[in-house]
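Visitor: sequence and predicted structure below; questions after.
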Amino acid sequence: MEHTKHLWRVLFILLLVAVAVVVGRHFVIPPSFGLQGFYRYDSLAEYAAKPVMHGGSASCAACHQDIAQQREQGKHQTVSCEVCHAPLALHAKEGAKTADMPLNRSVGLCAYCHQALKARPATMPQIDLREHLTKLEVITAKDDIPEGACVTCHDVHNPAMEQESPPEGNVSDANAVPATQ
Amino acid sequence: MQTQSPRPNNPSPEDARADVCRRDFVRQAAAAMSGVAIVVIMGESGAGASEEQAVGAASATRSSAYDPTKHRYIYLIDITKCIGCGACVRACEAENNVPPHYFRTWIERYMVSRTGADLTDSPNGGRDGFEPRVTGEDITKAFFVPKLCNHCSYSPCVQLCPVGASYRSPDGVILVDEKRCIGCGYCVQACPYGSRFLHPETHIASKCTLCYHRITKGLKPACVEACPVEARKFGDAEKVGDEVSELIATKAVGILKPELHTGANCYYVGLSQEVR
């Protein structure tokens, strides 16, 4: 046929393109792309390798047995240590203390959870801070609320004031998780 | 109308021959092209397969203790329990290094009055707690609604990512490949729940990962662990006797914006119709 030359040219160009695609994709597409779907599968391992910050209340118990026990017996048993303090990773690593743990004695810490709010479920013990403190004659109606007012009376790790029967309500400790590997 | 108008210039016999010739050429070229295409595809898939096995082996050794295909994570929020303390928001921030004033999880306060005034607020995402608020309205009900990524089964954000950076992992977590994301922000706009943002420093999409680095080690997400009233629960639908699956199967639960058919995997107890 007189036009086969054209065919060969087209074929040659197509071949070049094919080779360029096969070679090029090795450089453009990351190795694990498409293993499970239209994404780079190794990204999962990268996420899994990020550092764990919070160790859970059980991780504190290893070094603060007394306070952990105190909390366990009181009304704050469902409140994780790290909520009031800071993540484990900022304080201890591999069984040794690395930095000081913040001590937040401010009224604001208690107010996060105990400030009386309309939207708060009625089952949550909540107070109007000013009312609570004036009723107990800590301040008069026109004083500012002193920082650290709450911790002078309440033991933060076991805050209930009246002597009550041991923890009622069978709320299991939501925060007891295995220590970080 | 139904008859085709005759072609303006009826082809002469020579033209016809030329035509046939051209047609032949096109036909042969097409055949040749498809032949090449088949060779290319076979070659590619062949190379791909061997490469896949190599990579598969590599990632299997890397995370040999954890198999993502054996889990499917679900999340449950009990609005009737939430006290709006913001511990989850602070824990999320500390765990995931979330930049200030951006949120992977946040809390909204709904106050509903008889006049129907919109009294919803979320000061700093609820990170710093909530102040009492005098509205002058007759508040008939009020509640807190914590929100986070719903890790949808049919995520709009994943569907429109142009580079395959947003994806749903085999265990049902929507993640952003930080190395592939080009920061175009389409996913941020696509998410009907507002769960994504562009990171102010890295300029790529960022969102809740369900603390993937924790859950793959058998820990709970930081927000779940921080909650003092067990309003947040984390479960695995593939696990036999899973508490959250059981609650979803037996209790009245809802999801946000069910009309969008996103297949949200974050369930709510005590959901009210005011919640958007």
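Guide: That came through fine. What you see is a predicted model, and the numbers here were worked out from it, not measured in a lab. Numbers count the residues shown, from 1 in each chain, chains lettered A, B, ... in the order given.
Visitor: for the rest of this, base every contact and every neighbour count on C-alpha atoms.
Guide: OK.
Visitor: which parts of chain A are helices?
Guide: For chain A, applying DSSP state H gives helices covering A:4-28, A:42-48, A:57-61, A:65-73, A:81-84, A:107-114, A:129-135.
Visitor: redo these as JSON lines? Include mean pLDDT and distance to chain B.
Guide: As requested, these are exported to JSON lines (pLDDT from 0 to 100; distance: least, CA to the nearest CA, whole Å):
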{"stretch": "helix A:4-28", "mean pLDDT": "94", "distance to chain B": "6"}
{"stretch": "helix A:42-48", "mean pLDDT": "95", "distance to chain B": "4"}
{"stretch": "helix A:57-61", "mean pLDDT": "93", "distance to chain B": "9"}
{"stretch": "helix A:65-73", "mean pLDDT": "94", "distance to chain B": "13"}
{"stretch": "helix A:81-84", "mean pLDDT": "96", "distance to chain B": "6"}
{"stretch": "helix A:107-114", "mean pLDDT": "95", "distance to chain B": "5"}
{"stretch": "helix A:129-135", "mean pLDDT": "92", "distance to chain B": "11"}
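Visitor: okay, those in JSON lines with mean neighbour count and distance to residue B:254 next?
Guide: Rendered in JSON lines, the data for those read as follows (neighbours: other CA atoms under 10 Å in any protein chain shown; distance: least, CA to CA, whole Å):
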{"stretch": "helix A:4-28", "mean neighbour count": "13", "distance to residue B:254": "43"}
{"stretch": "helix A:42-48", "mean neighbour count": "19", "distance to residue B:254": "29"}
{"stretch": "helix A:57-61", "mean neighbour count": "20", "distance to residue B:254": "31"}
{"stretch": "helix A:65-73", "mean neighbour count": "16", "distance to residue B:254": "34"}
{"stretch": "helix A:81-84", "mean neighbour count": "21", "distance to residue B:254": "29"}
{"stretch": "helix A:107-114", "mean neighbour count": "19", "distance to residue B:254": "26"}
{"stretch": "helix A:129-135", "mean neighbour count": "15", "distance to residue B:254": "35"}
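Visitor: tell me the domain ranges of chain A?
Guide: Domains of chain A are assigned by automatic domain parsing as A:30-100, A:104-181.
Visitor: pull up the distance across the shortest one, start to finish.
Guide: When you say that, I think you mean domain A:30-100. End-to-end distance for domain A:30-100, by CA to CA, to the nearest Å: 43 Å.
Visitor: now stretch A:74-82
Guide: 17 Å.
Visitor: kindly report the same for stretch A:79-99.
Guide: Stretch A:79-99: ends 22 Å apart by CA to CA.
Visitor: mean pLDDT for the domains of chain A: which is lowest?
Guide: Ranked by mean pLDDT, the domains of chain A end with domain A:104-181 at the bottom, a mean of 79.
Visitor: so how far is chain B from the residue nearest the centre of chain A?
Guide: Closest residue to the average C-alpha location of chain A: residue A:54 at 6.0 Å, with CA atoms, centre = their mean. From residue A:54 across to chain B, the span is 7 Å (CA to the nearest CA, to the nearest Å).
Visitor: tell me if I'm right that that residue and residue A:82 touch.
Guide: Yes: between residue A:54 and residue A:82 there is a contact under CA atoms under 8 Å: 7.2 Å.
Visitor: give me the common contacts of the two.
Guide: Common neighbours of residue A:54 and residue A:82 (criterion: CA atoms under 8 Å, 6 or more residues apart in numbering or on different chains): residue A:88.
Visitor: now the strands for chain B?
Guide: Secondary structure of chain B (DSSP state E): strands at B:73-78, B:105-113, B:139-148, B:166-168, B:174-176, B:197-198, B:205-206, B:232-236, B:253-254, B:266-269.
Visitor: mind putting those strands into TSV with mean neighbour count, mean pLDDT and distance to chain A?
Guide: Below are these laid out as TSV (neighbours: other CA atoms under 10 Å in any protein chain shown; pLDDT from 0 to 100; distance: least, CA to the nearest CA, whole Å):
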stretch	mean neighbour count	mean pLDDT	distance to chain A
strand B:73-78	23	97	11
strand B:105-113	22	95	7
strand B:139-148	20	95	4
strand B:166-168	24	97	6
strand B:174-176	25	97	8
strand B:197-198	18	97	18
strand B:205-206	25	97	12
strand B:232-236	20	97	10
strand B:253-254	18	96	18
strand B:266-269	22	97	14
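Visitor: just give the number of residues close to residue 138.
Guide: In the absence of a named chain, this looks at chain A. The tally of other residues near residue A:138 (other CA atoms under 10 Å in any protein chain shown) stands at 14.
Visitor: oops, chain B please
Guide: Residue B:138 has 13 neighbours, counted by other CA under 10 Å.
Visitor: okay, helices next: where are they in the stretch 1-150 of chain B?
Guide: Here the stretch 1-150 of chain B has its helices, by DSSP state H, counting those that start in this stretch, at B:13-62, B:87-96.
Visitor: wait, residue B:257 sits on residue B:274?
Guide: No: if you go by CA under 8 Å, residue B:257 and residue B:274 don't touch, sitting 11.3 Å apart.
Visitor: ok, these two, which is more surrounded?
Guide: Ranked by neighbour count (other CA under 10 Å), residue B:257 and residue B:274 place residue B:257 first, with 14 against 11.
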